[in-house]
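Q: return a 3D structure for these sequence lines:
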Amino acid sequence: MLKIYFSPDDILRTRVAPGADPLWELILSVHVLQVRSPDPLTSGWRRGVSRELRRQVGTEPMRLLFALNPGRGYFPDFLTPHEGLQGLAEGLEAIRSTPVRLLHRDMTRMAGEHPLPASAGALARGEPEMLRHLTDSMERYRELALSPYWAHIQAAIDSDRMRRARALLDGGVEGLLDSFRPLARWESGVLEIHGYPESRELHLDGRGLLLVPSFFCAGTPVALADPDLPPVLVYPVDRLGGLVTAATGGGASARAGTGREALAALLGRTRAAVLEATDAGCTTGEVARRLRISPAAASQHATVLRNAGLLVSHRDRNTVLHTLTPLGRAILDA
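A: Predicted coordinates for the structure are as follows:
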């Protein structure tokens with residue numbers, strides 16, 4: 001179990017990241033890629049990315065990146081610097097500028113838990129050429145594995161942020177922290193993450209906590225191993241039906257056809273108005289009040305939209321919050 005201890009100052013300084021962190025998504029997606037899983041939301045992505053990496057890159061250029069990111073267990077903190085929130089280029093530059101003492105510390109722990117290629121020694125010594133090789137492989141990997149899907153990843157992050165914003169407005173920061181059940185349990189100034197791979201405590205000591213929503217975080221939230229680094233907690237979001245690209249051959253055509261059939265049920269002003277009302281996130285009761293329809297009618301229309309893949313709904317106690325999926329937003333913006 002991971003226990004995170006908050007002071008009153010920490011509660012005031014806790015916030016949600018403004019969007020998907022490109023480095024966290026990159027690193028966690030490498031973990032997902034290497035774990036055999038029947039998860040239907042990532043299985044197609046895993047097969048396609050593995051095929052393209054073998055075809056376009058080969059295994060050798062990616063060996064160090066994959067060795068540093070096994071499917072389970074420890075991985076180095078220096079791969080996900082705080083600067084990643086500013087963008088991929090800033091994050092990669094921060095990796096290349098990692099102090100040698102931190103590289104040596106992280107790589108020593110890594111070598112004690114996982115087998116590493118010979119090139120890891122040069123990385124532990126901070127040799128610029130090896131750092132450049134690592135960040136180049138990260139850029140190449142992201143181009144193949146994440147860039148084609150980035151709009152969908154960001155849409156899932158945006159949907160989760162709307163959900164957390166609603167919890168914050170309704171209950172303050174403590175309401176926000178309480179919204180992470182069942183992933184985490186908030187009580188008496190402590191956030192407990194059950195199922196964490198190791199037993200540890202993290203005292204924020206007035207620094208606050210950055211909550212980072214992640215598409216590729218699988219199951220249990222993740223924190224940095226070094227308690228002296230800016231505290232972050234990366235947590236999984238609803239994946240909104242998995243990953244789809246516009247250029248995926250016949251599968252995309254089949255999905256588009258299915259979408260057109262489902263959209264036939266959406267004809268009519270009321271459902272179009274329901275779709276528009278959920279642009280920034282809306283509960284069933286709010287939809288009913290805005291459109292002056294009964295809550296039962298609002299729920300029925302939302303159900304049709306959800307079944308068509310245009311909305312995703314999250315229940316929180318007695319309310320249900322509806323937000324747009326990427327397909328819903330595309331139709332609304334068309």
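
Q: wait, what's in contact with Leu291?
A: 270, 273-274, 277, 298 (CB atoms under 8 Å, 6 or more residues apart in numbering). Any C-beta I mention is one placed from the backbone N, CA and C, and that applies to glycine too.

Q: cutoff 6 Å now
A: Ala273 (CB atoms under 6 Å, 6 or more residues apart in numbering).

Q: what about it, distance to Leu324?
A: 16 Å (CB to CB, to the nearest Å).

Q: next one: Ser147
A: For Ser147, the distance to Leu324 - CB to CB - is 22 Å.

Q: repeat that for Val237.
A: 14 Å.

Q: helix, strand or coil for the nearest residue to His301 once chain neighbours are set aside?
A: Nearest non-adjacent residue to His301, counting by CB to CB, 6 or more residues apart in numbering: Val274, 4.6 Å away. What DSSP: H, G, I helix; E, B strand; the rest coil gives for Val274 is helix.

Q: returning to that earlier point: who has more neighbours, Ser147 and Leu324?
A: Using other CB atoms under 10 Å as the criterion, Ser147 and Leu324 rank with Leu324 on top: 27 against 14.

Q: skipping its backbone neighbours, what lies nearest the more buried one in space?
A: Thr278 (5.8 Å).

Q: I'd guessed that neighbour sits against His322; true?
A: Yes - the pair Thr278 / His322 is scored as a contact, 4.6 Å apart, by CB atoms under 6 Å.

Q: and these two? which has more neighbours close in?
A: His322 (29 against 26).

Q: and that one, what are its bridge partners?
A: Cys282, Ser313 (DSSP bridges).

Q: now it: how far from Gly121?
A: 53 Å.

Q: thinking again about what came up before, ramachandran coordinates for the residue nearest to Leu324?
A: Main-chain torsions, Thr278, degrees, to the nearest 10: phi -90, psi 10.

Q: OK, contacts around Leu79?
A: Contacts of Leu79 by CB under 6 Å, 6+ apart are Ile27.

Q: buried residues of whichever strand or helix holds Ala156, list them for me.
A: Per DSSP states H and E: Ala156 is located in helix 150-178. Buried residues in helix 150-178, counted by 16 or more other CB atoms under 10 Å: 152-153, 155-164, 166-168, 173-178.

Q: chain center to it, what's the gap?
A: 12 Å (CA atoms, centre = their mean, to the nearest Å).

Q: and that helix, what does it pack against?
A: In terms of contacts (3 or more CB pairs under 6 Å, 6 or more residues apart in numbering; DSSP states H and E), helix 150-178 is packed against strand 319-324.

Q: next SSE downstream of the strand it packs on?
A: Counting by DSSP H and E, what follows strand 319-324 is helix 326-333.

Q: so this protein: which segments form each domain?
A: Per the record, the chain has its domains at 2-18+152-236, 22-150, 250-333, by automatic domain parsing.

Q: who wins for proximity to Leu243 among those?
A: domain 22-150 (4.4 Å; CB to CB).

Q: where do the strands sit along this protein?
A: 2-5, 15-16, 185-187, 190-193, 200-203, 210-214, 222-223, 232-236, 282-283, 311-316, 319-324 (DSSP state E).

Q: okay, those strands in TSV with distance to Arg140 and mean pLDDT next?
A: Listed next are the strands of the chain as TSV, based on distance: least, CB to CB, whole Å; pLDDT from 0 to 100:
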stretch	distance to Arg140	mean pLDDT
strand 2-5	33	96
strand 15-16	30	94
strand 185-187	40	94
strand 190-193	33	96
strand 200-203	34	95
strand 210-214	21	96
strand 222-223	24	94
strand 232-236	23	96
strand 282-283	41	84
strand 311-316	32	82
strand 319-324	32	84
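
Q: looking at these, which is closest to Asp106?
A: strand 222-223 (14.9 Å).

Q: could you dump the domains of the chain to CSV with distance to Leu243?
A: Below are the domains of the chain laid out as CSV (distance: least, CB to CB, whole Å):
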stretch, distance to Leu243
domain 2-18+152-236, 6
domain 22-150, 4
domain 250-333, 10
